[in-house]
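A.B. asks: Quick one, fold the following:
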Amino acid sequence: QVQLVESGGGLVQAGGSLRLSCAASGRTNSGAVMTWFRQAPGKEREFVAGLIWTGTWIYYTDSVKGRFTISKDNAKNTVYLQMNSLKPEDTAVYYCAAGAEISISSTVYAYWGQGTQVTVSS
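C.D. replies: The predicted structure follows:
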């Protein structure tokens, strides 16, 4: 089992920044791929960004490229999502997810955090 705990959400004005954190514990070797997803009201959960603990693969969905940065601290078993130039359409609950294979589909990720709300006001 892998436990994931997100933090760092909140309310910010458009153009502002937030940094989300996802602390992993437990059998972290079962979650080689770490990702961020988000889900806005009435919409499906969508992939935002992902990386792997032991390699250089990093991937972003097109809508956040150039604005969001995913990073990791292996010593702390923590993944971050730095979000800059936030837009109202970024408003969603953001989830950290871990799994054994690379995918942008939420269905392949076995481990999920509880989610953290990000609200961007216009």
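A.B. asks: residue contacts, the residue nearest the centre of the chain?
C.D. replies: Of all residues in the chain, the one closest to the mean position by Cα atoms, centre = their mean is residue 36, 2.1 Å from it. Neighbouring residues of residue 36 by Cβ atoms under 8 Å, 6 or more residues apart in numbering: 20, 22, 47-50, 70, 79, 81, 94-97. C-beta: built from backbone N, CA, C; applies to glycine.
A.B. asks: Apply 7 Å and report the result again.
C.D. replies: 48-49, 70, 81, 94, 96 (Cβ atoms under 7 Å, 6 or more residues apart in numbering).
A.B. asks: List just the nearest of the residues you listed to residue 102.
C.D. replies: Distance to residue 102, by Cβ to Cβ, is smallest for residue 49 among these, at 12.2 Å.
A.B. asks: For the residue lying closest to residue 5 once chain neighbours are set aside, pull up the helix or strand it's in.
C.D. replies: Leaving out its chain neighbours, the residue that sits closest to residue 5 by Cβ to Cβ, 6 or more residues apart in numbering is residue 23, at 4.9 Å. Per DSSP states H and E, residue 23 falls inside strand 18-26.
A.B. asks: Using neighbour counts, pick out the buried residues of the helix or strand just after that strand.
C.D. replies: Downstream of strand 18-26, the next assigned helix or strand under DSSP H and E is strand 33-39. The neighbour-count check on strand 33-39 (16 or more other Cβ atoms under 10 Å) flags 33-38 as buried.
A.B. asks: How about stretch 112-122?
C.D. replies: 112-113, 115-116, 118, 120.
A.B. asks: Now pLDDT, distance to residue 60 and secondary structure too, for those residues, in TSV please.
C.D. replies: Formatted as TSV, the buried residues of stretch 112-122 follow (pLDDT from 0 to 100; distance: Cβ to Cβ, whole Å; DSSP: H, G, I helix; E, B strand; the rest coil):
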residue	pLDDT	distance to residue 60	secondary structure
112	97	20	strand
113	97	19	coil
115	97	20	coil
116	97	19	strand
118	98	16	strand
120	98	18	strand
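A.B. asks: which of those lies closest to residue 12?
C.D. replies: Among those, and counting by Cβ to Cβ, the member closest to residue 12 is residue 120, at 5.8 Å.
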